[in-house]
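**Q** coords please:
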Amino acid sequence: MLINRGKSILTALPDNLYVADMRKPSASRHILITGLANSGKTTLWNKLTGTYSLVANYPMTTVEPRTEFYTFQHAVYAVTDMPGMNGFTANSEEELVFRKILLETPPDSIIQCIDANRLKQSLYLTSELLGLGLPLVVCLTAIDETARKGKTIDAGALSRLLRVPVVETGLPGKEGMFDLREAVARAEVPADPHLYPAELEEVVNRLSQISGLPSGQGRVCAFLCLMGDPYITDCESRSSGYAYWRLDRAARRMLTDTCALLTEPLAGNPAALIIKERGQWTNRITAKVFHEKEIINGDFARKAAYYSRHPVWGLILLALVLAAAYVLVVDAAGWVGEQLELLVGTPLVQFVRDLVPSPFVENLLVGEYGLLTLGLLNALITVLPILSIFFFLLGFLEDVGYLPNLSILLRRSFNRLGLSGKAVMPIILGFGCKTMATMTTRSLKSRKERLIAIYLIAFAIPCSAQLGLNFAILGQAGFLAFLLAGAVLVAVEAAAGVIMNKMIKSDTRQAFIQELPPFRTPSLLQIARKTGYRVWWFLKEAIPIFLIAALIIFLFDVVGFLALLRRLLNPLVVWWLGLPIEFVDALVLMLAREEAAAGLILRLSRAGMLDFMQSVIAVVVTTMFVPCFANIVAMFKEAGAKAAILMLLAINISTIFIGGMLNWASRFLEAVF
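**A** Predicted coordinates for the structure are as follows:
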């Protein structure tokens, strides 16, 4: 099965692990791009292949491998962008993904992205890659940023010491791409760096032979055995899948027993000895190639990052960010939407009415549930201006590096919900895309934390598209409505976390290690490109669904099913939730696309059909109601079918209950005061 351009075919692995099937075309060379998280791998992949995938200044942007192609000197290269990893030891599923690819489809070459700001940390991974017996090319990224800090890396000296090509690609544009492609085309298997003492090398060679794997893979397997990798030393499991390096139980037992026998004469723990030798090697290399001089130009970026995660100033900055988003979405996007309605929407609707003689066709196109009015114009005039401005603001915050610092600010609060700091970042990513955020929960080793995080992402967290529209809806009712709706969503999210923390039995607890990328001055051109990519994704994905949903509601209205549905749901919607009966239309649209429902609610609000409390309840209910289909699929994939079904039932029952309680609480307060 070949990899289609731009496609990723999922194949299941043991232990609920999924990666892309990357079996290459016969005429291509397969290249893996690897490196630490947030080291510029996706940016490099975009430039190499001429395609575009979202990049951001925080880890976990790439959650699954992606493959694209480029041609150089009449040869076709398949390039796979890998999730970030720190090494081969199975501390996360990213390392297991790398093992699968290494065993199933060994690449012809590897490109390691080394962020010039984190040279020493990256060289530890380099020490492992050099032993694979595969051609390696090192790509230095962010060199312009390090230069501004007075730090330089001698790429020539680094190349001579590592005995592999080193290419600098940290400059703007596509500079360095030809050199990189040429280096990949000419790359050869690097020489053994001889990091370890002779007695340890003898043990490694012996274990490599026993494994029966090819030399490079055998060495990696031997080192993992020496370092106590659980998938190698676990002799009880019957699995011989990729996570276990394709070794059955008997082979792993033989490796473990032989390892214990051979390491007895060694002085000290073999894992500690390996880490010590690698650390000394990285220190020697860094000392020879890294140079730094003091630059007195202030440290605004470092201070800004510090204050963004400060327990007091961080909350103030968060409030300013939310206020800016509110003003931009409510005022700026609202003004743009009004102008589009005045200049495009109204004239177009009138033109169609004058042109079409048939009342049925007129109603189909520009009626209350018309393909143009509820479908196309709802997407382009009501929703698109809001999403465009909100996507631009989100891209700015991503590229500055604000989100990882926000995760530090919020980690103490999440600890009370049974979540370690490592679970904070996936939840914050839910405000961008809930589906991707759900998939990043696989980095959590604790099943309890993973289930809580998946539920909280699906429950009361709006994705970027829905969040922007919520701002606009609440803006019609005033800033106090925005504060009240936000307080309710935060409260129910916290309550759900506390309840799940009490109900689910505790298991493995992870230490919190969060990489904090530096605050960077974002490129407005790159933010605009990212915004354009997201807007194009919305237009491509959402407009057909908007049109189909409008057609379905129109047909429901024609045959009388919509009127029947309104009568059936009247007690729930009008009496329990206190919303106008037209909200039933939004509930139907929500099953197709949440943005379509939010766009309809915004139109109801602008028409004066929602008062203050109804606006709050409408936003709370639509935020917590059925997640989008893609997120539901991700929930089944990451949590399992049984847990996902229970979560969906709990989410929808809780939504109806909370919405009704808000309505009746407001009625009680009105009656009392």
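
**Q** point out where this structure drops to low pLDDT.
**A** The model of the chain has pLDDT under 70 over residues 1-27, 54-63, 90-94, 170-176, 235-245, 294-298, 421, 508-515.

**Q** now the strands for it?
**A** Using DSSP state E, the strands of the chain run over 10-12, 18-20, 28-35, 66-72, 75-81, 109-115, 136-141, 151-153, 166-168, 290-292.

**Q** got the angle for the third one vs strand 75-81?
**A** Right, the one you point to is strand 28-35. Computed by axes from the mean of the first three to the mean of the last three CA atoms, to 10 degrees, the angle separating strand 28-35 from strand 75-81 equals 30 degrees.

**Q** from the contact counts, what lies against strand 28-35?
**A** Judged by 3 or more CB pairs under 8 Å, 6 or more residues apart in numbering; DSSP states H and E, strand 28-35 is in contact with helix 41-49, strand 75-81, helix 93-104, strand 109-115, helix 119-129. C-beta coordinates here come from the backbone N, C-alpha and C atoms, glycine included.

**Q** give the pairing partners of the fourth one; include direction for each.
**A** When pairing is defined by DSSP bridges, strand 109-115 lines up against strand 28-35 (parallel), strand 136-141 (parallel).

**Q** on that earlier part again, who wins for proximity to residue 412 among the strands of the chain?
**A** strand 109-115 (28.5 Å; CB to CB).

**Q** mind checking the end-to-end distance for stretch 606-619?
**A** Start and end residues of stretch 606-619 are separated by 14 Å (CA to CA, to the nearest Å).

**Q** how about stretch 559-576?
**A** 27 Å.

**Q** start at 797 instead
**A** Right, with 797 as the first residue, what we last looked at is stretch 1355-1372.

**Q** would you map the helices across the stretch 997-1146 of the chain?
**A** 1011-1022, 1026-1029, 1045-1058, 1066-1085, 1096-1104, 1109-1123, 1130-1136, 1142-1151 (DSSP state H, counting those that start in this stretch).

**Q** let's have those in JSON lines, adding distance to residue 826 and mean neighbour count.
**A** Converted to JSON lines, these look like this (distance: least, CB to CB, whole Å; neighbours: other CB atoms under 10 Å):
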{"stretch": "helix 1011-1022", "distance to residue 826": "15", "mean neighbour count": "23"}
{"stretch": "helix 1026-1029", "distance to residue 826": "24", "mean neighbour count": "20"}
{"stretch": "helix 1045-1058", "distance to residue 826": "27", "mean neighbour count": "17"}
{"stretch": "helix 1066-1085", "distance to residue 826": "27", "mean neighbour count": "16"}
{"stretch": "helix 1096-1104", "distance to residue 826": "38", "mean neighbour count": "16"}
{"stretch": "helix 1109-1123", "distance to residue 826": "42", "mean neighbour count": "14"}
{"stretch": "helix 1130-1136", "distance to residue 826": "46", "mean neighbour count": "16"}
{"stretch": "helix 1142-1151", "distance to residue 826": "50", "mean neighbour count": "13"}
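
**Q** how far does stretch 1214-1231 stretch from one end to the other?
**A** So stretch 1214-1231: terminal residues 22 Å apart, CA to CA.

**Q** ignore what I typed, I meant stretch 916-933.
**A** Per CA to CA, stretch 916-933 runs 17 Å from first to last residue.

**Q** go through that stretch and flag the buried ones.
**A** The neighbour-count check on stretch 916-933 (16 or more other CB atoms under 10 Å) flags 918-933 as buried.

**Q** same question, stretch 974-982
**A** So for stretch 974-982, counting by 16+ other CB under 10 Å, buried means 976-977, 979-980.

**Q** between the buried residues of stretch 916-933, which is nearest residue 1452?
**A** Checking these against residue 1452 by CB to CB gives residue 921 as the nearest, at 49.7 Å.

**Q** can you tell me the closest non-neighbouring residue to that closest one?
**A** Take residue 921 and drop its neighbours on the chain: the residue closest to it by CB to CB, 6 or more residues apart in numbering is residue 883, 5.7 Å away.

**Q** so which residues make contact with stretch 1204-1219?
**A** 1104-1107, 1110-1111, 1114, 1203, 1220, 1223-1224, 1237, 1239-1240, 1242, 1244-1245, 1248-1249, 1252, 1290, 1293-1294, 1296-1297, 1300, 1302, 1305-1310, 1312 (CB atoms under 8 Å, 6 or more residues apart in numbering).

**Q** span of that stretch from start to end?
**A** Stretch 1204-1219 end-to-end distance (CA to CA) = 11 Å.

**Q** ok now it, how far from the chain's centre?
**A** Here stretch 1204-1219 is found 18 Å from its chain centre; the criterion is CA atoms, centre = their mean, to the nearest Å.

**Q** please flag which of the buried residues of stretch 974-982 sit within helices.
**A** 976-977, 979-980 (DSSP state H).
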